[in-house]
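Colleague: sequence and predicted model, in that order:
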Amino acid sequence: YGMSFESEAGIFVDNFSARGHSGMNLVDIPGENLQAFNELLDYDLIILQFGLNVVSPSRRNFSSYEKGMREVVAHFQKYCPGVDILLVSVSDKSTRIKGKLQTDPSVPLIVDAQRRVAESTGTGFLNLYESMGGRNSMIKWVKAKPSLARNDYAHPNRRGAVKVGEIVKDYLLSQYEKEHGPLAPKADNSFALADR
């Protein structure tokens, strides 16, 4: 709980982040709380991005994860009716296999599971893994000059987070334009979403 001091105009983000979180526990948020937040704050979009913490080189089956994430999406759809939901896939994550760093073999599998969740629930889907470059892209992000990711080969650094933000922004704008037509940029390179 808290206080909201937002103005009447602009884009505002309420962020619920939790380290080491699979996303499954979001079904434990009481529905009446979600509903109350939505009634007060009038959400336009809920973005769900979880799953990197369930990636493991030995894991080949994500059916239980897929089932759990369907329940999470259904929970938000039930208590925040009419609010668009975007499921963002996991990013690339490298692991050492036989002494060589490479994309964790379970990353494409969980991305496929996340895509199926989005398709079956009618939510938007952004494939962050592919958008950042696909296979072995995390290695390239770490080695970039300047670097875009941390040396754990799993998490973007501050510059990488900005790049991920641009990927999400570009995706949202492209989807908006599919529905409403092209946006005219303002002189300061911002876009007037509220004008429509």
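Modeller: The structure has been received and is ready for your questions.
Colleague: the protein: helices as residue ranges?
Modeller: Here the chain has its helices, by DSSP state H, at 31-41, 63-79, 107-121, 128-131, 137-143, 158-180.
Colleague: for the ones you listed, give me JSON lines that also has mean pLDDT and mean neighbour count.
Modeller: Glycine gets a C-beta too; all of them are placed from N, C-alpha and C. Converted to JSON lines, the helices of the chain look like this (pLDDT from 0 to 100; neighbours: other CB atoms under 10 Å):
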{"stretch": "helix 31-41", "mean pLDDT": "92", "mean neighbour count": "13"}
{"stretch": "helix 63-79", "mean pLDDT": "96", "mean neighbour count": "17"}
{"stretch": "helix 107-121", "mean pLDDT": "97", "mean neighbour count": "19"}
{"stretch": "helix 128-131", "mean pLDDT": "98", "mean neighbour count": "19"}
{"stretch": "helix 137-143", "mean pLDDT": "97", "mean neighbour count": "19"}
{"stretch": "helix 158-180", "mean pLDDT": "94", "mean neighbour count": "13"}
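Colleague: so which of the ones you listed gets nearest S94?
Modeller: Judged by CB to CB, the one of those that comes nearest to S94 is helix 137-143, at 4.7 Å.
Colleague: how about K78: what's its closest non-neighbour residue?
Modeller: The shortest distance from K78 to any non-neighbouring residue, by CB to CB, 6 or more residues apart in numbering, is to G31 (6.6 Å).
Colleague: related to what we said a few turns ago, out of the helices of the chain, flag the one nearest G23.
Modeller: Here helix 63-79 is closest among these (CB to CB), at 5.9 Å.
Colleague: packing partners of that closest one?
Modeller: helix 31-41, strand 45-48, strand 84-88, helix 107-121 (3 or more CB pairs under 8 Å, 6 or more residues apart in numbering; DSSP states H and E).
Colleague: now do the contacts for Y65.
Modeller: Neighbour list for Y65: S22, M24, G51, V54, I110, A113 [criterion: CB atoms under 8 Å, 6 or more residues apart in numbering].
Colleague: let's see 10 Å
Modeller: By CB atoms under 10 Å, 6 or more residues apart in numbering, the contact set of Y65 is 22-24, 50-51, 54-55, 59, 109-110, 113-114, 117.
Colleague: closest one to C80 out of those residues, please.
Modeller: Looking across the contacts of Y65 and measuring by CB to CB, the closest to C80 is G23, at 15.9 Å.
Colleague: what residues does that closest one make contact with?
Modeller: Counted by CB under 10 Å, 6+ apart, G23 has contacts 48-54, 65, 68-69, 72-73, 87, 114.
Colleague: do that again at 6 Å, thanks
Modeller: Counting by CB atoms under 6 Å, 6 or more residues apart in numbering, G23 makes contact with F50, V72.
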